[in-house]
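Need the 3D shape of this:
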Amino acid sequence: MGQKIIRFSDLTGRHADDDADLVRVVVRRHPDLEDGPVEIEALADELTSVQDLALDLVTIELHHPDTDEPRTVVMEAATFDRLASAAPMAEVLRGAKRVARTAPSQLPAPGGTRERVNYASLEHAGKPHKGRTTDAEKQLVRQHLDEINDRLAAEGVRTIDLGNAEHVARYGLEELAREQGATLG
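As a prediction, this is how the structure comes out:
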């Protein structure tokens with residue numbers, strides 16, 4: 001007996017003729033999101049106007065002297081540009097002092113040294129990282145793919161996709177991808 005998996009758009013409910021028609025959409029910020037980013041799928045033709053509808057936005061941080069934490073504000077670029085009255089905003093930005101980029105993952109752990117992450121553990125296996133994927137991590141991912149993908153999704157991190165050739169190669173998932181009939185893209 002065989003099984004047939006029917007894939008459809010989360011936006012419209014329309015059926016996908018094949019997996020290549022579906023686009024993975026990660027929603028990182030939305031007023032209705034409560035527990036971090038989520039992932040949905042949509043048909044490619046449903047998203048053709050997304051680029052045309054995209055807004056030019058500016059994200060700024062306001063560091064007031066009487067508060068400990070900065071306040072982040074997102075606004076349209078044209079609105080932000082109008083705040084500059086002495087010179088055009090492009091000129092103001094070109095002359096501005098550079099700020100060092102520091103992502104939370106780049107900050108040292110308390111005590112001055114950063115702990116090494118063990119990607120060959122169920123707690124971290126499958127997370128995107130630079131460098132070589134060890135055989136131990138590959139084995140964990142192969143043996144616990146569903147569990148790892150559930151954890152990655154809950155953390156708002158990209159999941160491991162058997163239809164993604166890079167993921168399949170990185171984690172040695174060729175046999176599993178064949179068994180599940182995944183079309184590599």
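
Now name the helix or strand holding residue 41.
Assigned by DSSP states H and E, residue 41 falls within strand 38-43.

what is the mean pLDDT for that strand?
Throughout strand 38-43, pLDDT has a mean value of 91.

partners of that strand, with directions?
strand 22-27 (antiparallel) (DSSP bridges).

who's in contact with the partner strand?
The contact list for strand 22-27 (Cβ atoms under 8 Å, 6 or more residues apart in numbering) reads 7, 9, 16, 33, 37-44, 47, 158, 161. C-betas here are computed from N, CA, C, even on glycine.

Just the buried residues out of those, in ChimeraX syntax.
Applying 16 or more other Cβ atoms under 10 Å to these, the buried members can be selected in ChimeraX as follows:
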select :9,16,38,41,42,43,158,161
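
Residue 141: what's it in contact with?
So, once contact is read as Cβ under 8 Å, 6+ apart, residue 141 ends up touching 125, 126, 148, 160, 171, 172, 173.

Farthest pair within these?
Greatest spacing in those, by Cβ to Cβ: 148 and 172 (13.8 Å).

Just the buried positions in the least confident helix or strand in the chain by mean pLDDT, please.
Each helix and strand of the chain was given a mean pLDDT (mean pLDDT, DSSP states H and E); the minimum falls on helix 50-53 at a mean of 84. Across helix 50-53, burial judged by 16+ other Cβ under 10 Å covers no residue at all.
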